[in-house]
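Asker: Predicted model, plus sequence, below.
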Amino acid sequence: MTYTSFEFFIIYFGVTYLLYSIIPQKAKWCVLLTGSLIFYVIASGGHIEFLLLSALIIWAVGMVIQKLNDTFAEKKKLVAKEERKQLKIKYKNYRLAALSVGVISNLAFLLVLKYANFFGGTINTLFSANLPELKLVQPLGISFYTLQAISYITDVYRGRYKACKNPLKITLYLSFMLTIIEGPVARYDQLGTQLAEGRKFEFKNLVYGAQLVVWGLFKKVVIADRAAELVNNVFDEPSFDSGMIILAATLFYTLQLYCDFSGIMDVVVGLGEMMGIELPKNFNRPFFAKTINEFWQRWHITLGGWLRDYIFYPISLSKPFMKLSKNARAKFNPYYANLIPTSIALFFVWFTNGMWHGAAWKYIVYGLYYYALMMIGLFAEPISAKVCQKLKINRECKAFGLFQMIRTFLIVNFGMLIFRVDSLKTLGTAIKTVFVNPNFASLSIGSRNGLGLDLKDYAILLIGAIIIFAVGIVQEKGVKIREKISTLPFIIKFIIYMLAIFSVIILGAYGEHYGAVDLLYANF
């Protein structure tokens, strides 16, 4: 079951959307909950128990924390000022204990169901142990709904909003059909309140949302699924007899992953917009980024925001780290003094980022690759600034900005190679082949680089990439394309819509010569 399938659009979203549009506002959330649970049960093969258990746990923990908050607010009015501090500490410890139960239980589900065999295999390799491989079923979307579950109870603990009293509405927040498989990772105040309140039908939302859905399908079905043919043929059976083929396949994989993930995000955000539900943005034209830090502010934005708010800030603002920062400022210059605690906190952020993506060492290396690059960039920044000043290089000019974008793009592509290979051993083989046997002749037309694609496919990929790049340039200049289209005469709008729809229908990579392509991030 995918967001691009006929069954999803007609049977699940179609029926749910129709009922959602005509049912009274107070009952709209019931339609979403019913549709989402039916979708989840069928898409997951019936394994819904852990999702429901997570929802029940965070509802109960949220209610306990809220009760403690309310009790403290009442009691502090009845005690003398000097006693309030002790009372505050007492209730903070109670709330922290409740929060710990919720966080640890949800992390335990994730660690056991997703990572148990990885940990066991690592122990077997390092210590020659013989731990058996467990036959576990990883619940659909567990990496995404676990983050949402932890953010909910943490925000209730922090007092950002009051706990939801209805466990069914919490279940809807975790299981919502548009976010459960690939995100975006939405906070409760971003999504949960919208789902609970319901939204009225508006024709503008229907049109704008449909535009975004078609654009997302173009990226996913026309470009990503077509690029997958070449990528899979290179990496699924890695004989790696040509370094140039590896580099070309890596570029195609970067295109595939971006169009697959951002395309699906456009589809679900568009479907949400049709309902009047605003989902958080997950991509912001990442390949226009000039630094690695900026790239990750534009790529998978909601995951980066979660890691920042629930790992980086709690660690860097903790008492031990504040003390470390104070001691560092006494011994080093302010810039490097601030980097010392920051670098430690960022290690946990990037280690978690890598682990979150999958139960394999290559994902940990993938996260630490970006950590190392970010640290090098931060520590070298003062030196880089001085060198540019000495060489009279204007770091604000367009030429330097273009150089930065190309540099960042190449760095990201090596990260994509780490991300795509089957193992670290395969990564080593691929890198060796690039330098030892580049084999430039393999890129000639009609040689091994065909791998399931013909000239028509390459032409479609090239034109599609140019269109995405051109749209990105226009959007980077602040032009709101959908609003521009809405102001055009009806006949021109109609032609644009028909061209967009039929480009997906006619050029989509499905049918006799193409295999079914799963949603890439659904695996994480």
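Answerer: Great, that's in hand. No experiment lies behind these values; they were computed from the predicted model shown. Numbering: from 1, shown residues only.
Asker: which helix in this protein runs the most residues?
Answerer: Scanning the chain for the helix with the most residues, using DSSP state H, yields helix 81-127.
Asker: helices or strands up against that one?
Answerer: Counting contacts by 3 or more CB pairs under 8 Å, 6 or more residues apart in numbering; DSSP states H and E, helix 81-127 packs against helix 49-75, helix 142-158. For glycine as for every other residue, the C-beta is placed from the backbone atoms N, C-alpha and C.
Asker: so how far is the first one from its chain's centroid?
Answerer: By that I understand helix 49-75. Chain-centre distance of helix 49-75: 27 Å, with CA atoms, centre = their mean, to the nearest Å.
Asker: Flag every buried residue along it.
Answerer: The neighbour-count check on helix 49-75 (16 or more other CB atoms under 10 Å) flags 50-51, 54-55, 57-66, 68-69, 72 as buried.
Asker: Point out the other helices and strands that it packs with.
Answerer: So helix 49-75, by 3+ CB pairs under 8 Å, 6+ apart, packs with helix 81-127, helix 142-158, helix 167-175.
Asker: how big is the angle separating the longest helix of the chain from helix 142-158?
Answerer: Between helix 81-127 and helix 142-158, the angle comes out at 160 degrees (axes from the mean of the first three to the mean of the last three CA atoms, to 10 degrees).
Asker: what bits of the stretch 201-350 of the chain have low per-residue confidence?
Answerer: Counting by pLDDT under 70, the stretch 201-350 of the chain contains no low-confidence residues.
Asker: residue boundaries of the helices in it?
Answerer: For the stretch 201-350 of the chain, the helices defined by DSSP state H, counting those that start in this stretch occupy 203-217, 225-235, 243-275, 292-298, 301-307, 313-316, 319-331, 334-357.
Asker: Make TSV from the ones you listed and add mean neighbour count and distance to G121 to it.
Answerer: Output for these, formatted as TSV (neighbours: other CB atoms under 10 Å; distance: least, CB to CB, whole Å):
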stretch	mean neighbour count	distance to G121
helix 203-217	18	37
helix 225-235	23	22
helix 243-275	23	26
helix 292-298	18	29
helix 301-307	21	25
helix 313-316	16	29
helix 319-331	12	33
helix 334-357	18	15
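Asker: Looking at those, which is nearest to K281?
Answerer: helix 301-307 (6.0 Å; CB to CB).
Asker: can you tell which of the helices and strands packed on helix 49-75 is closest to G183?
Answerer: Of these, nearest to G183 by CB to CB is helix 142-158, at 5.0 Å.
Asker: Now do the same for the closest one: mean pLDDT, whole number.
Answerer: Averaging pLDDT along helix 142-158 gives 97.
Asker: now that helix against helix 49-75, angle please.
Answerer: Going by the same axes, to 10 degrees, helix 142-158 makes 10 degrees with helix 49-75.
Asker: middle-most residue in this protein, spatially?
Answerer: Centroid-nearest residue in the chain: H300, 3.8 Å away (criterion: CA atoms, centre = their mean).
Asker: How about the contacts made by that one?
Answerer: Residues in contact with H300 (CB atoms under 8 Å, 6 or more residues apart in numbering) are 183, 261, 282-283.
Asker: Next: V434.
Answerer: Applying CB under 8 Å, 6+ apart, the residues near V434 are 243, 246-247.
Asker: Turn those residues into JSON lines, including distance to D454.
Answerer: Below are these laid out as JSON lines (distance: CB to CB, whole Å):
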{"residue": "G243", "distance to D454": "24"}
{"residue": "I246", "distance to D454": "21"}
{"residue": "L247", "distance to D454": "21"}
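Asker: ok, of those, which one's closest to Q404?
Answerer: L247 (21.2 Å).
Asker: looking at the protein, which residue lies furthest from center?
Answerer: The chain, farthest from centre, CA atoms, centre = their mean: A80 at 48.6 Å.
Asker: any idea how far that one lies from F283?
Answerer: 54 Å (CB to CB, to the nearest Å).
Asker: cool, L18 as well?
Answerer: For L18 relative to F283 (CB to CB), the value is 29 Å.
Asker: same question, K81
Answerer: K81 is 51 Å from F283, by CB to CB.
Asker: Which of the two has more residues huddled nearby?
Answerer: Taking neighbours as other CB atoms under 10 Å, K81 and F283 compare with F283 leading, 18 against 7.
Asker: S262 is in contact with the more buried one, correct?
Answerer: Yes: when contacts are counted by CB atoms under 8 Å, F283 is listed as touching S262 (4.3 Å).
Asker: where are the low-confidence patches of the stretch 1-150 of the chain?
Answerer: Using pLDDT under 70, the stretch 1-150 of the chain drops low at 1.
Asker: how about a cut-off of 80?
Answerer: Residue ranges of the stretch 1-150 of the chain with pLDDT under 80: 1, 81.
Asker: about what we covered before: how about the helices and strands packed on helix 81-127 in CSV, adding distance to L107?
Answerer: Putting the helices and strands packed on helix 81-127 into CSV (distance: least, CB to CB, whole Å) gives the following:
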stretch, distance to L107
helix 49-75, 11
helix 142-158, 7
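Asker: which one of the contacts of V434 is nearest F118?
Answerer: Nearest to F118 among the contacts of V434, with distances taken as CB to CB, is I246, at 26.2 Å.
Asker: Helices of the stretch 401-524 of the chain, residue ranges please.
Answerer: 424-436, 455-476, 481-486, 490-507.
Asker: To K219, which of those helices lies closest?
Answerer: helix 455-476 (6.8 Å).
Asker: buried ones in the closest one?
Answerer: Quick answer for helix 455-476 (16+ other CB under 10 Å): 457-458, 460-461, 464-465, 467-468.
Asker: again with stretch 16-33
Answerer: 16-17, 19-21, 28-33.
Asker: Spatially, which two of the residues you listed are the most separated?
Answerer: The largest separation in these, counting by CB to CB, is between S21 and L33 at 16.2 Å.
Asker: can you pull the contacts of S503?
Answerer: Contacts of S503 (CB under 8 Å, 6+ apart): 218, 222.
Asker: any weak-confidence spans in the stretch 351-500 of the chain?
Answerer: 441-452.
Asker: cutoff 70 now
Answerer: Ranges of the stretch 351-500 of the chain meeting pLDDT under 70: 445-450.
Asker: Look up how far P286 lies from the residue nearest to the centre of the chain.
Answerer: From H300 to P286 the distance is 9 Å (CB to CB).
Asker: Over to D155?
Answerer: 27 Å.
Asker: related to what we said a few turns ago, okay, the angle between the longest helix of the chain and helix 334-357?
Answerer: Using the same axes, to 10 degrees: helix 81-127 against helix 334-357 is 60 degrees.
Asker: K290: how many residues sit nearby?
Answerer: Using other CB under 10 Å: K290 sits among 17 other residues.
Asker: Hmm, it is touching F409, no?
Answerer: No: counting by CB under 8 Å, F409 is not a contact partner of K290; they are 10.1 Å apart.
Asker: what's the burial count for the closest residue to F218 other than its chain neighbours?
Answerer: Among residues not flanking F218 along the chain, V504 sits closest, at 5.4 Å (CB to CB, 6 or more residues apart in numbering). V504: 19 surrounding residues under other CB under 10 Å.
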